[in-house]
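>>> Need a 3D model of the following:
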Amino acid sequence: MTIDSEKLATMLLGLVAEAYDGPGNPKMTWFVDNESACGILGTLEKLSAVEASKPFGPGDAAGAATHAGHLLFSLDLANRALRGENVHATAVWKDSWKYHAVDETTWRKLLADLRVQYASFRQAIETGLPWADDMGMTGVFGQLAHGAWHLGAIRQGLGLITTPR
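Okay, here's the model as predicted:
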């Protein structure tokens, strides 16, 4: 079987956009809530630095800022790997969890940097970089799953996920 790479890229871009931006049409989603801007960026950009710094639960140091920093780290690694860099040689995974208490300036910069890495990731998919090798292709799908997982963790931690009664 042959896979049309343009068609695959279009589908993948739609899913990545849903994870980071939210659904194009809130009445039809694949995995996010039925509301506008409920993706990672839309959810995080509604928060102040104080809200982003608040741990999600007792005994858990992670809050929204922590997840945002981790996603920034992972997208940066993915983008560099798609450009051919050996990112595993220098990546320090524990450093990806360094954001806990952030001030407003740091929080806004973190969000701006996350948006830049997200745009770069989308551009890599649009230009076909992931299809050059199996690792790149697997990495792109891994990033989609990783982003979706963190979106759920963030929205759950913020108390935004509710089930109808």
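
>>> what's the spacing between the closest residue to Ser74 other than its chain neighbours and Thr138?
Spatial nearest neighbour of Ser74, excluding adjacent residues (CB to CB, 6 or more residues apart in numbering): His146 at 5.9 Å. Placement of C-beta: from N, CA and C, glycine included. Separation of His146 from Thr138 (CB to CB, to the nearest Å) stands at 12 Å.

>>> quick one, which of the two is more surrounded?
Using other CB atoms under 10 Å as the criterion, His146 and Thr138 rank with His146 on top: 17 against 11.

>>> Which positions within the helix or strand harbouring Ala9 qualify as buried?
Secondary structure from DSSP states H and E places Ala9 in helix 5-20. Residues of helix 5-20 classed as buried: 8-9, 12, 15-16, 18-20 (neighbour count, 16 or more other CB atoms under 10 Å).

>>> Switch those over to JSON lines; also include pLDDT and distance to Leu75.
Converted to JSON lines, the buried residues of helix 5-20 look like this (pLDDT from 0 to 100; distance: CB to CB, whole Å):
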{"residue": "Leu8", "pLDDT": "89", "distance to Leu75": "20"}
{"residue": "Ala9", "pLDDT": "91", "distance to Leu75": "17"}
{"residue": "Leu12", "pLDDT": "94", "distance to Leu75": "15"}
{"residue": "Leu15", "pLDDT": "95", "distance to Leu75": "15"}
{"residue": "Val16", "pLDDT": "96", "distance to Leu75": "10"}
{"residue": "Glu18", "pLDDT": "94", "distance to Leu75": "16"}
{"residue": "Ala19", "pLDDT": "96", "distance to Leu75": "11"}
{"residue": "Tyr20", "pLDDT": "97", "distance to Leu75": "9"}
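
>>> closest to Arg155 among these?
Ranked by distance to Arg155 (CB to CB), the buried residues of helix 5-20 are led by Ala19 at 11.6 Å.

>>> what about the closest residue to the closest one other than its chain neighbours, how many neighbours?
Once flanking residues are discounted, Ala19 sits nearest to Gly147: 4.3 Å by CB to CB, 6+ apart. Using other CB under 10 Å, Gly147 has 22 other residues around it.

>>> same question, Glu85
Other residues close to Glu85 by other CB under 10 Å number 12.

>>> Can you show me the helices along this protein?
Secondary structure of the chain (DSSP state H): helices located at 5-20, 40-45, 49-53, 64-82, 104-126, 134-157.

>>> middle-most residue in the chain, spatially?
In the chain, the residue lying closest to the centroid (CA atoms, centre = their mean) is Gly147, at 3.9 Å.

>>> Right, I'll call it a day here.
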